Structure formats: C-alpha cells, structure tokens
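> A structural model of the following input is requested.
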Amino acid sequence: MSHFNSIIGQSPALESLIRSAKMVAATDVTVLLQGETGTGKEIFANAIQKASARTDQAFITLNCAALPESLIESELFGHKKGSFTGATASTQGLFKAADGGTLFLDEINSLPYTIQAKLLRFLESGECLAIGDTKPYHVDVRIIAATNTDLLKLVTAKEFRSDLYYRLNVVPLELPSLSQRSDDIEALISHFMNMMANTHGMDSTKFSKAALKVLKAYPWPGNIRELRNLCERLSILMAGETIELEHLPQEYINPCSSSNMPLLLPERGIELDALEANFIHQALNRTKGNRSKTAKLLGLTRDTLIYRMQKHGFH
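Next up, the predicted model:
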C-alpha cells in the first residue's frame, strides 16, 4: 500500500502534488515544503520519509519557532558538558539522533540567522559541530524543511540567508490551500467525523446537503487544521445527529458579514450553488421561515424560492 494513501482527497491539485512527492521520496534530495498554516506539511514530510529508503530509520521533527535561540543550537547539534551555564551533561543533539534517517525542520523561516550558517555547513559537507567542541562529527541525515512564509522575501529583507535558501530549495513542493481543493472537503469531513466518533466513543455525525455546500464555499483560512477542529467540535456537541445549516457557527454561514463589503469574485472562484443556499438560509432566518417574505427579500417569486429550497435540501 502506498504511504500516500493516508492523505485524503482526489482533487487535481492534490494528486499532482502526490505524484511529485512520490518521485522525490525515491531520491535522497533535500525537500522544501511550502504552504499556508494547516495544509498538512508534516503529514507530507512523514509520507515522504515512509516511502523513502530511510523508512525504517528515525524521523525526527523540530519546530524551529518553538525554541528560543539560546536553546535551538544545542537541540540541533548537541553540546559538551560545561560548555555553557547549565550544561551539566553532554547531549548528542537531533542530528546525531536522526543519523541514517530524516530530520524535519518545520517553520524553517524562524531558524535564527546565526544557526542558519551551521545548517548550511551540514547541507554542504555533512558536518556538524557541537557547542563547546572543536572536532566536528559527520552524520547521514536527510533534511525536509517546511515554511508558511515566502522565504525569498525574507532573503530580500536579509532575514534569511540566500545561500541556505538555494540549498533548501532543491525540490520545492507547494501544498495547496484547502480553498484550492474544495472538491476534497466532503471526503475530509467524512474522514474526520468517523475518526472523532471512534476517538470519543460516540455515534458518527453527518452533515446535511445544504450545510456541506456552505462549508465547500467557505474560504478556510486555517485550512485542514481548521476543518478538523470544526469536525471535532460538532462531533462532540451533536453526536449521532445530522448537522443542518443552523447548527454551523455563524462565521461559516456568513464569513463576509460586513454590509459595506462589496461582493467581489475571489481569485479561486466560488461554488455558486453553495452561495445561493447560504443566502436562502440567511433570508429564511431573517423572516423566521416566512416563504413569501423570503422570496421578496431575495427578489424571487414564491414558486422559484420553493423550487430552489427543494434543490438545496431545505425542509
């Protein structure tokens, strides 16, 4: 079974990415995963590792934004006992721990500038130097890096080394945002709802046709992570029930709530059916279900409104 089968979805954008990732996995080249927060960069890094010749070796993850500059060098490269205040014992560091395997550096854009030089040295020579040591050591580690930031802009701003950028950017893989793969939303929801039901020991929760249409039209600024969190919330609060439009949080029903905001066609396009269902739902709420008033509010005849309500699964 392919190690990429755990990645849910069949949209063209995702399938293209998986094809590229499979080719990359067959080599030992450095990989740079780029994409918005919550698009699944660590999942892809893990799949690349599992599909590679290093599959039985260590896969170690470090979030470069999670540690202060004073600790990250020691965490990566290790230190000798007594090399700084508090260094009561020698440590080997993540590079030695990952020897033979893969080191995934998440949020590489947050790696301190001073540490970037040591990472570049490793990428060029396989050499590492522990803090307080004078003799470098060599390790065989594949680097997969990830960023949610345009590294080239950081290079221009002199916040990221250009030589390191080009060493990392050997094979860049761009992860699509969830709004770019809206065809996958229904499959992802089904996966997450079943997963949450099993995790929490509850009956599985379903979404109505109208609710699904609205979620497919939502822009998902938090991407897959945001969708997963919504599914977990609703699976707990509405276990075993069918989620209708009125059960969705307001920000999903009406993401552009400002009345002064012009209706502009997004670059990614829209789901026109979902937009129509959304406005019908809002109008029904405003008129407390009065179909004649709802039709007037939407500029429709009552018969046309009823037809479109039936089309979208309204009761």
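
> Contacts only, for the closest residue in space to residue 133 that isn't next to it in sequence.
Residue nearest to residue 133 in three dimensions, not counting chain neighbours: residue 80, with 5.1 Å by CB to CB, 6 or more residues apart in numbering. All C-beta spots, glycine's among them, are computed from the backbone N, C-alpha and C. Listed by CB atoms under 8 Å, 6 or more residues apart in numbering, the contact set of residue 80 reads 87, 90, 130-133.

> pLDDT below threshold where in this structure?
1, 255-270, 315 (pLDDT under 70).

> And it, split by domain according to the record?
12-176, 183-311 (automatic domain parsing).

> and the shortest one, how far out from the chain's middle?
Centroid separation for domain 183-311 versus its chain: 21 Å, with CA atoms, centre = their mean, to the nearest Å.

> Could you shift the numbering so residue one becomes 28, and keep it that way?
Okay, using 28 as the starting number, the last item reads as domain 210-338.

> That domain: end-to-end distance?
19 Å (CA to CA, to the nearest Å).

> And for the first one?
Using CA to CA, the end-to-end distance of domain 39-203 comes to 10 Å.

> go on, stretch 74-81?
11 Å.

> do stretch 51-70 as well
By CA to CA, one end of stretch 51-70 lies 15 Å from the other end.

> Now do the buried residues in that stretch.
Of the residues in stretch 51-70, 51-52, 57-63, 65-68, 70 count as buried by neighbour count, 16 or more other CB atoms under 10 Å.

> Please apply the same query to stretch 176-185.
176, 178, 181-182.

> Just put these in TSV and tack on distance to residue 239 and secondary structure.
Below are the buried residues of stretch 176-185 laid out as TSV (distance: CB to CB, whole Å; DSSP: H, G, I helix; E, B strand; the rest coil):
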residue	distance to residue 239	secondary structure
176	32	coil
178	36	helix
181	39	helix
182	42	helix
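
> Which of these sits closest to residue 197?
Residue 197 has its nearest neighbour among the buried residues of stretch 176-185 in residue 178, at 13.1 Å by CB to CB.
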